[in-house]
Structures are given as C-alpha cells and as structure tokens.
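S.K.: got a predicted structure here, sequence first:
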Amino acid sequence: MKLNRLLQFIFGFVLLFSISCTSDYEEVIPEITYNNGFFITNEGNFGKPNAEVTFLTRDLSLMQNDIYKAKNNENLGDVLQTIVFNGDKAYLLLNNSNKIQIVDRYTFKKTGEITAQLNNPRYMAIANGNLYVSNDNQSAIKFVTVYKLSDNSFVKKIDFASTSTVENVVEAGGTIFVQNASYGFGDTITKINTTTNSIDGAAITVPNGDINKTISSNGNVYTIAGTATDSYIYQISPTGAITKTTTLNGIGNGKNLQIDGGRFYFTSTNKVYSMDMNSTTVPTNPIITAVDGGSYFTLYGFSVIDGRIFTSDVKGFTQPSEITVYTTGGTVVSKFTAGMGATSVYKNY
C-alpha cells in the first residue's frame, strides 16, 4: 500500500473550517495530536539543521513529516540521534547541536531544553528519576551526564577512560548499562549504579565477537556481537551476569538486534533474520532481503514493533529516505518517504 494521504490535508481542513466559522456560531476545533501512531527519527545531514520527526498513524494510513517545525515554527536541530519518553514528555537528542529538546509527546509542542555539559551526546535512558546521556566526541572526551527529570537540572558527570567508547545506554532492573562499543568495535558493557551515580564494578566482557547493539527487554539486557563468520546474542541480568548465549553459526557480523513477540530480529549485510528467543536452531533463510545500499547505508534504519518490521533506505543521505513496512513474515504492507537519514521508529500509544 502506497501512502498518498498526508496529515497536512487535515491541518489544511482544520484551518479552512476555522476561518469559515462566524461569530454567531463558534466551533471549537480539537488540536491535532500524535497519540496513536509512530514517531520516526530522521537524522538529517551532519552540519545542517534539517533533522526532523515523521509521524505515522497506527493503521499506516496517514503520515506527516517535520512535525516539530509544524508545531513550534523552528528547526529541530542537527542530527537527531534518539528519543526517549517519560510520562507525557518526549526527549529528542540532537547530537551535533549538543542539546536535548523536550516536547509534549502528544502535541509535540516544546516544553523545555537541556544543554548543560553536553559534548557530542549519543544515547539516553531513564532510571531512578534521572536521565542518563552518553557523550563521546570520538577523541578523549567520554562520559555520561545525569539530569534530574523533575526540573531538567544537571546532576553529575560520570567520566570514562579516554580509551573507552560510550555509546548505547539502556536500563534494566533500575541499573544503567553503557555499551562500550561502536561501529562494530568493542566488546564490553559498563554498569552504572543509579543510587550513587557511579560506575559499578568491572566492565562486562562478552566472550566472542564485537558488540553492535545493546537493548533491554523484560528486565534484562540483550546485546548482539559478531565476527566475520558468526554472531552471538548475549542475555545479561540486572546484576551484570551473562545468563544465556545464543550462538548464530554461519551468520556473520550480526546487527540491529530487536525483540518483539518473544522473538529475536536481527540483520546481517542486507538480510533480516528472525528466531524464537528460546530456540537453539539457527535460521537458515532470511525473512527479508533488503535493498543493498552499501556497507554503511544498508538497513541504516531498522525497528520491529508489535508485529511490524520497519526498514529504511537512506539513499546515501542524498535524498529523503524510503521506509518499507513488512509483516513479521516478510510481506510488504506499506512504503512511504520520510525525512533525510531515517533511523528508528518509536510507538506512541
């Protein structure tokens, strides 16, 4: 199904209807909200303030690009890296703008901003009433900053060794886990005690492979690591112990780990695989073979939510991204164009 109806039509109708009302009969038009659909982060081009957020309705029938600018009459910023939610607020991290824009997650109107102590922020997670943000400028600056959610004030900077990497941040069991790997290099994860806001013990080292992506699900941490020939999914408890290893023999350089409906979803080159989380049988056939955009751009965006797989072809960051939505069996159900450099999809319902 090709999307051909845009939310802009709705905005236009609301405006026209409002103008046509007379003083004799005042009709109150409800504000357009975004509480039953998906947000798609579009990084934009590095060095340009063209990052944006696309909204897609839950039934995939309507979409609107650049909803932040539509609601706030200003550009969002430079390189939208990630989004996290807390109550009715959404936190939008702008990597190259060194700021976090805070909006109402339903109206998308700006409610605040965080800029203190940020230096090339990367990812965020929430625990114990605080927002934890990884910062890594790919030189000597490596740290996690902590902010109080109640008033967005700066709490503390947690320094990491200059030889480390500070990338994905996730929460499990009230503990923050920081991935010390990026771009397929690195094999450790560090715990942060959210009571003391300090590094907790020695780093967790995975036995095999370099870590690509770390996520949390059902109170545990999961990370996918790979070599040129094989990949591994490690389950890590909130205490930091590796409690289970799923070995993917013959599938090299596993990436983009997702969990949905009791199944693992992950990619290797331009192929998407799925397997039951309790299975030990390695999938032999991919469920999707995506467009090959080169080693860096292929499956640049990949998310699995409630039985839908979202992939993004970012077209080498030279034109708007094409999003393809599949069933978990690999059948295409929708295609549409989002913003420049579309990455992750987040549900907002």
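M.R.: Thanks, I have the structure now.

S.K.: next structured bit after the helix or strand Val304 falls within?
M.R.: Val304 belongs to strand 301-305 when assigned by DSSP states H and E. Per DSSP H and E, the first helix or strand lying C-terminal to strand 301-305 is strand 308-313.

S.K.: how far out from the middle of the chain is that next one?
M.R.: 13 Å (C-alpha atoms, centre = their mean, to the nearest Å).

S.K.: please point out which parts of whichever helix or strand comes after it sit buried.
M.R.: Next along the chain after strand 308-313, taking DSSP H and E as the criterion, comes strand 322-327. Neighbour-count burial for strand 322-327 flags 322-326 (criterion: 16 or more other C-beta atoms under 10 Å). C-beta: built from backbone N, CA, C; applies to glycine.

S.K.: ok, now stretch 118-135?
M.R.: Buried, per 16+ other C-beta under 10 Å, within stretch 118-135: 118, 120-127, 130-135.

S.K.: so which of these belong to strands?
M.R.: Judged by DSSP state E, the buried residues of stretch 118-135 include 121-127, 130-135 as members of strands.

S.K.: need the residues you listed in TSV (columns: distance to Glu52).
M.R.: Listed next are those as TSV, based on distance: C-beta to C-beta, whole Å:
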residue	distance to Glu52
Pro121	18
Arg122	19
Tyr123	19
Met124	19
Ala125	23
Ile126	23
Ala127	28
Asn130	28
Leu131	22
Tyr132	25
Val133	21
Ser134	23
Asn135	23
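
S.K.: which regions of the protein lie under the pLDDT threshold?
M.R.: For the chain, the stretches with pLDDT under 70 are 1-30.

S.K.: let me see the ranges of the helices in it.
M.R.: Taking DSSP state H, the helices of the chain run over residues 7-20, 67-72.

S.K.: of the buried residues of strand 322-327, closest to Leu80?
M.R.: Ile323 (15.3 Å; C-beta to C-beta).

S.K.: let me see the contact set for that closest one.
M.R.: 40, 301, 310-312, 334-338, 342 (C-beta atoms under 8 Å, 6 or more residues apart in numbering).

S.K.: okay, those in CSV with distance to Leu94 next?
M.R.: Output for the contacts of Ile323, formatted as CSV (distance: C-beta to C-beta, whole Å):
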residue, distance to Leu94
Ile40, 16
Gly301, 18
Phe310, 22
Thr311, 24
Ser312, 19
Ser334, 28
Lys335, 28
Phe336, 24
Thr337, 22
Ala338, 17
Ala342, 16
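
S.K.: what's the nearest residue to Lys48 if we skip its chain neighbours?
M.R.: Among residues not flanking Lys48 along the chain, Asp78 sits closest, at 6.5 Å (C-beta to C-beta, 6 or more residues apart in numbering).
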